[in-house]
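Asker: could you work out the structure for the sequence below:
(2 chains)
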Amino acid sequence: MRLYDTLTRSVLPLFASDGKRLRFYACGPTVYGPAHIGNFRTFSLVDVLRRTSEVAGLNPFYVRNITDVDDKTIKGSAKDGVPLTAFTEKWTKKFHEDCARLNLIAPDVEPRATTHIAEQVAIVEKLLAKGYAYVGGDGSVYYKVAAFKDYGKLSHFHPEELVTQETNSAGKANAADEYDRDHVADFALWKAAKDEDGQVRWEGPKDPASGTPIIGRPGWHLECSAMSAKYLGESFDLHAGGEDLCFPHHENEIAQSEAANGVPFARHWMHCVHLLAEGKKMSKSLGNFYTLADLLEKGFDARAVKYLLVSVHYRAQLNFTLDSVKGAESAMRRLDKAVNALCAKAGVDRAAFEGDALPRASAEEVAKTSFAPALDSLFDDLNTAAALGAMWEALKNEKSAADAKAELAALKTILYALGIQPIPAKDEAPASDIPEEVKALAEARWEAKKAKDWAKADTLRKELTAKGWTILDRKDGFDLKKN
RNA sequence: GGCGCGGUCGCCAAGUGGCAAGGCCGAGGUCUGCAAAACCUCUAUCGGCGGUUCGAUUCCGCCCCGCGCCUCCA
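Answerer: Okay, here's the model as predicted:
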């Protein structure tokens, strides 16, 4: 399979450099509150990468971190009056719940910053020893960007531009004077403890001048350098994240890791473009800021949200709207029917399709079916939109397909790679949820219908509609659906 | 200002130097008392202006519009 690489700005083959496993790292969430759907767009596409690379036979080994110490988590725990760990645990748990609802495969390793302090300190000491870091006037350790000649190679920024940059896109002054450092572009590796950090502090790298450890906490970028090296090696295959992380986060990771280790860091870089909500950047004041919980509360199905998130190519902007989630729900209901129809044609039980009884087709097997273009699209820079189009096209042609069972197994592979799940079309309310009164009305209508008393049947139907229920007739009876 | 992305049917969104995928919504039809479902059918010359070409939505140039990043936001 091929994937766009930010470093070289070109689509390159994706491969495991050790010939065994595709080792990749994705920047995970900072657990200070609920993740929003924008976060989940990135995580969903990394999930598609994880799944597709597996189908491609690349045997992925996936590491995604949890950032559990930074300004926001410290502030949040202080505000809640709970220890940092309790605070981050709570949000980590919520994050995992959302991931499960969105059918995201858990990473093979999910390391946390606070349990890898020693590894981070070691990097800072290496950088100090090699002259890539210095202790600033405030006692914090900073990275000396000028010492790293490749700085800017990922984001394609020139260091001199960063020097002259005095305002950001919002027209606000960059907080260049907030820290006591030599150069605007220099960034904190290790932050000296401050009062507002409370008990959040560790023994850090030794100050070369005094030989005593600097009490404080790790800087933002350090954890990813430390944990990727620990679990994937100093050089690994791929690093992924949201587009905003390209600079400065990933640029700084490269600077730290390559300076400290003297070997290339990640070979291939993937960045997922941000989504817009209702045509604008998500913000709480605009009322277009959605978490998964918000959407579930509005009655949407998480499976529809997932479909929508992966329905657009990851390098294109996605405009997330409530109307489009509705559309996605319709599509997923239709998908359910299509799956049922194909199961029936193949003589395979639906439960077997969902379970292990019907194995997924291998990439080679898929290639022999009408789903081949769908998988090809995924292999070509994770073109999920094209893959979905090809999937529907194939589904439309299934009537004429010769080997329905092979087609079904191929469909299973496509759905697995995309990580999408059909929504049962028949989602009538369980009998227990139907009020007696409604049941009685529905029964009465059924009797009227059998008696061919159409006027009465229609009146009863209207009454049920007024109460928020719809009758769906079958040949031998009826179902009730809540509106 | 620097770097980058994009403008394709009402909405979302693929794609190609030579008949413009797919999804949602909508319309018409078949079928059912009605309704729903199902099935069938239908809806675009691709931001603007030039250029290259036998031929451009696809390549080049300019312009217009939208968006992202430019120090802690996925």
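Asker: how near is the closest residue to residue A:265 other than its chain neighbours to residue A:376?
Answerer: Counting by CB to CB, 6 or more residues apart in numbering, the nearest residue to residue A:265 once its immediate chain neighbours are dropped is residue A:257, at 4.2 Å. Where C-beta positions appear, they are placed from N, C-alpha and C, glycine not excepted. Distance, residue A:257 to residue A:376, by CB to CB, to the nearest Å: 34 Å.
Asker: more neighbours: which of these two?
Answerer: Counted by other CB atoms under 10 Å, residue A:257 and residue A:376 do not tie: residue A:257 has more neighbours, with 26 against 17.
Asker: so who does the more buried one touch?
Answerer: Counting by CB atoms under 8 Å, 6 or more residues apart in numbering, residue A:257 makes contact with A:123, A:225, A:228-229, A:234, A:265.
Asker: just the CA coordinates of the strand or helix carrying it, formatted as CSV?
Answerer: Per DSSP states H and E, residue A:257 falls inside helix A:251-261. Extracted in CSV, the C-alpha atoms of helix A:251-261 (Å, rounded to 0.1, in the frame of the first residue of the first chain):
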residue,chain,number,x,y,z
GLU,A,251,9.1,19.0,14.3
ASN,A,252,10.3,19.1,17.9
GLU,A,253,10.1,15.4,18.3
ILE,A,254,12.4,15.0,15.4
ALA,A,255,14.8,17.5,16.7
GLN,A,256,14.9,15.8,20.1
SER,A,257,15.1,12.3,18.9
GLU,A,258,17.5,12.7,16.1
ALA,A,259,19.9,14.9,18.1
ALA,A,260,19.8,12.6,21.1
ASN,A,261,20.1,9.3,19.2
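Asker: now it: average pLDDT?
Answerer: Mean per-residue pLDDT for helix A:251-261: 95.
Asker: what's the following helix or strand after that helix?
Answerer: The helix or strand immediately downstream of helix A:251-261 is strand A:266-272, counting by DSSP H and E.
Asker: could the contacts of residue A:257 be laid out in TSV, adding pLDDT and secondary structure?
Answerer: Output for the contacts of residue A:257, formatted as TSV (pLDDT from 0 to 100; DSSP: H, G, I helix; E, B strand; the rest coil):
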residue	pLDDT	secondary structure
A:123	96	helix
A:225	96	helix
A:228	96	helix
A:229	96	helix
A:234	96	coil
A:265	95	coil
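Asker: could you flag which of those are buried?
Answerer: A:123, A:225, A:228-229, A:234, A:265 (16 or more other CB atoms under 10 Å).
Asker: return only those of those found close to RNA strand B.
Answerer: Among those, not one lies near RNA strand B by CB under 7 Å from any atom of the strand.
Asker: could you point out which element follows whatever helix or strand residue A:409 lives in?
Answerer: Using DSSP H and E, residue A:409 sits within helix A:404-418. Going down the chain from helix A:404-418, the next helix or strand is helix A:436-450, by DSSP H and E.
Asker: do that next one and RNA strand B meet?
Answerer: Yes. Helix A:436-450 is in contact with RNA strand B by CB under 7 Å from any atom of the strand, via A:445, A:449.
Asker: check which residues of that helix are buried.
Answerer: A:438, A:441-442, A:444-446, A:448-449.
Asker: all helices of the stretch 51-200 of chain A, in order?
Answerer: Under the criterion DSSP state H, counting those that start in this stretch, the stretch 51-200 of chain A carries helices at the ranges A:71-80, A:84-101, A:117-129, A:159-164.
Asker: and these, which is most packed in?
Answerer: Sort the helices of the stretch 51-200 of chain A by mean neighbour count, taking mean count of other CB atoms under 10 Å, and helix A:117-129 sits at the top with a mean of 20.
Asker: packing partners of that one?
Answerer: For helix A:117-129, the elements it packs on are strand A:133-135, strand A:141-143, strand A:187-192, strand A:202-206, strand A:213-218, helix A:222-232, helix A:251-261, judged by 3 or more CB pairs under 8 Å, 6 or more residues apart in numbering; DSSP states H and E.
Asker: from these, which stretch is densest packed?
Answerer: Buried most deeply of those, by mean count of other CB under 10 Å, is strand A:141-143, with a mean of 27.
Asker: out of the buried residues of helix A:436-450, who's nearest RNA strand B?
Answerer: residue A:449 (4.6 Å; CB to the nearest atom of the strand).
Asker: the residue nearest to the closest one when sequence neighbours are not counted: what secondary structure?
Answerer: Of all residues not flanking residue A:449 in the chain, residue A:457 sits nearest, at 4.6 Å (CB to CB, 6+ apart). Secondary structure assignment for residue A:457 (DSSP: H, G, I helix; E, B strand; the rest coil): helix.
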